[in-house]
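Trainee: pasting the sequence and the predicted model now:
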Amino acid sequence: MKKVRIGIVGVGNCASSLVQGIHYYNPSMKDKAIGLMHWDIGGYAPHDLQVVSAFDIDKRKVGKDVSEAIFAKPNCTTIFCKDIPKMGVTVKMGPVLDGVSDHMKDYPESHTFVVSDEKEMTMDEIVEHLRKTGTEILVNYLPVGSEKAVRFWAECALKAGVGFVNCMPVFIASDPTWEARFRQRGIPIVGDDIKAQLGATITHRTIADLFKKRGVKVERTYQLNTGGNTDFLNMLNRSRLKSKKESKTEAVQSVLPERMDWENIHIGPSDYVPWQKDNKIAFIRMEGKLFGDVPMNLELRLSVEDSPNSAGVAIDAIRCCKVALDRGESGVVEGPSAFFMKHPPRQYPDDVAWRMTEDFIKGKMYSSEEEVTNGKDVIAA
């Protein structure tokens, strides 16, 4: 049976939901699966993903089998698949670098990272481990603001010759220099910053697009998000939020007919509420003008379990990266990056990005921007 051999960087809530999903959507679920965009992508089902390497820095996870580590503190996401068999994959100690914000030490161990005293692996050791385990695709789940750490792991992927799925808002796929390096190395990358299946940003984008198509002038908008997982705790350090805020804001700006002035658009994580755990609550408000310059406003409250909400998208992004690897494609995988990620190299309306992704899965590609706009496609060579 064909497998998609993946490595995970950061065994947190998102990784927990991903691994649970791999086992939850077993072959018996094929005709009754709920919550997936695709059962089959390039001949790969969700259960064809196989974790063969994993890295973290927390003492409660390092040295443990992945099946155990995904349920260790400070993980707090919903457990929807308890029966995860031993996987024979031990979580290795990665370099800390800027992966842990200084303010995290001021919170109880049950809510924050506890750095292991194990020796950190060097880049050469990590590259060797990726090769030895047969890792094909490295999935990045590092905390927001880990600029140095994400670049370190992208470098590891390049040296090991493995595909890279960047689920976090440190710009690799959308940085022309990094993208060119993946293209020259002959390996694919999908990124940056994963959209949730039905999260605040994709909902905000959809409403903004609706305003545009219905001729409503958007004058002001905000998106305020609260949550109680380590991601939200980490983001209390506002200095780590620059790329996250840029990623989320650009995702909405890109679907508006005119860019809004900075004082009229606010999108970003707002506060940490411990008892919410992995539940994320988003408040969206949009103010605008209707026919005759008559004012209107819309307010929306969205409550979702944060990590499972991204895992289904990650399963598709990983499989698309594997399909690109099988086809010998390199550099950014454009359609899936535009559809699955908040900050791809090029933004497209969601309906266009969806069509591009469906065509990519079918083995089609666009040869020009005009063909993307007109919905035309050509069979990939």
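Mentor: All right, it came through fine.

Trainee: give me the element residue 182 is part of.
Mentor: helix 176-185 (DSSP states H and E).

Trainee: an error on my part: the question was meant for residue 7.
Mentor: Using DSSP H and E, residue 7 maps to strand 4-9.

Trainee: burial measure for residue 176, as a count.
Mentor: Look at residue 176: counted by other C-beta atoms under 10 Å, it has 10 neighbours. Using the backbone N, CA and C atoms, a C-beta is placed for each residue, glycine as well.

Trainee: re earlier: quick check: which helices or strands does the helix holding residue 182 pack against?
Mentor: helix 147-160, strand 188-190, strand 331-332 (3 or more C-beta pairs under 8 Å, 6 or more residues apart in numbering; DSSP states H and E).

Trainee: so which of these gets nearest residue 72?
Mentor: Closest to residue 72 of the helices and strands packed on helix 176-185 is helix 147-160 (C-beta to C-beta; 20.1 Å).

Trainee: need the residues that contact the closest one.
Mentor: 9, 94-99, 123, 126-127, 130-131, 135, 138, 140, 142, 163-164, 166, 168, 170, 172, 178, 181-182, 185, 187, 243 (C-beta atoms under 8 Å, 6 or more residues apart in numbering).

Trainee: cool, stretch 176-189 as well?
Mentor: Stretch 176-189 has contacts (C-beta under 8 Å, 6+ apart) with 154, 157-158, 161-166, 171-173, 321, 324-325, 328-333, 337, 345.

Trainee: count the neighbours of the closest residue to residue 139 other than its chain neighbours for me.
Mentor: Of all residues not flanking residue 139 in the chain, residue 165 sits nearest, at 4.8 Å (C-beta to C-beta, 6 or more residues apart in numbering). As a burial measure, residue 165 scores 30 neighbours (other C-beta under 10 Å).

Trainee: ok, now the one 3 residues further on?
Mentor: Counted with other C-beta under 10 Å, the burial measure for residue 168 works out to 27 neighbours.

Trainee: what are the ranges of the helices in the protein?
Mentor: 13-24, 66-69, 123-132, 147-160, 176-185, 200-213, 230-234, 242-253, 306-327, 334-340, 350-362, 369-374 (DSSP state H).

Trainee: can you pull the buried residues of the fourth one?
Mentor: Neighbour-count burial for helix 147-160, with 16 or more other C-beta atoms under 10 Å as criterion, is recorded at 147, 149, 150, 151, 152, 153, 154, 156, 157, 158, 159, 160.

Trainee: isn't residue 44 right up against residue 322?
Mentor: Yes - the pair residue 44 / residue 322 is scored as a contact, 6.3 Å apart, by C-beta atoms under 8 Å.

Trainee: so what sits against both of these two?
Mentor: residue 4.

Trainee: between the two, which one's more packed in?
Mentor: Set residue 44 next to residue 322 and count neighbours by other C-beta under 10 Å: residue 322 wins out with 26 against 22.

Trainee: list the contacts for the residue nearest to residue 314 when sequence neighbours are not counted?
Mentor: Nearest non-adjacent residue to residue 314, counting by C-beta to C-beta, 6+ apart: residue 18, 5.5 Å away. By C-beta under 8 Å, 6+ apart, the contact list for residue 18 reads 8, 49, 139, 311, 314, 315.

Trainee: okay, and the beta partners of the second one?
Mentor: Read that as residue 49. Beta-bridge partners recorded for residue 49 (DSSP bridges): residue 4.

Trainee: show the pLDDT at it.
Mentor: What the model reports as pLDDT for residue 49 is 98.

Trainee: that one reaches residue 321, doesn't it?
Mentor: No - contact between residue 49 and residue 321 fails when scored by C-beta under 8 Å: they sit 11.1 Å apart.

Trainee: looking at those two, which is more packed in?
Mentor: Between residue 49 and residue 321, residue 321 has the larger neighbour count (other C-beta under 10 Å), namely 29 against 24.

Trainee: contacts only, for the more buried one.
Mentor: So residue 321 contacts 137, 163, 164, 165, 188, 189, 190, 333, 336 (C-beta under 8 Å, 6+ apart).

Trainee: how confident was the prediction at the fifth one?
Mentor: What it means is residue 188. So, for residue 188, pLDDT stands at 98.

Trainee: go on, the third one?
Mentor: In this model, residue 164 is scored at 98, pLDDT.

Trainee: and it, what are its bridge partners?
Mentor: Under DSSP bridges, the beta-bridge partners of residue 164 are residue 138, residue 189.

Trainee: one step back: got TSV for the contacts of residue 321, with distance to residue 210 too?
Mentor: Listed next are the contacts of residue 321 as TSV, based on distance: C-beta to C-beta, whole Å:
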residue	distance to residue 210
137	35
163	35
164	34
165	30
188	33
189	31
190	27
333	28
336	24
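
Trainee: quick one: low-confidence residue ranges for this protein.
Mentor: Scanning the chain for pLDDT under 70 picks out 1, 366-381.

Trainee: now the farthest one out in it, which residue is it?
Mentor: residue 292 (41.3 Å; C-alpha atoms, centre = their mean).

Trainee: roughly how far does that one sit from residue 208?
Mentor: The gap separating residue 292 from residue 208 is 22 Å, by C-beta to C-beta, to the nearest Å.

Trainee: equivalent analysis for residue 287, please.
Mentor: According to C-beta to C-beta, residue 287 stands 12 Å off from residue 208.
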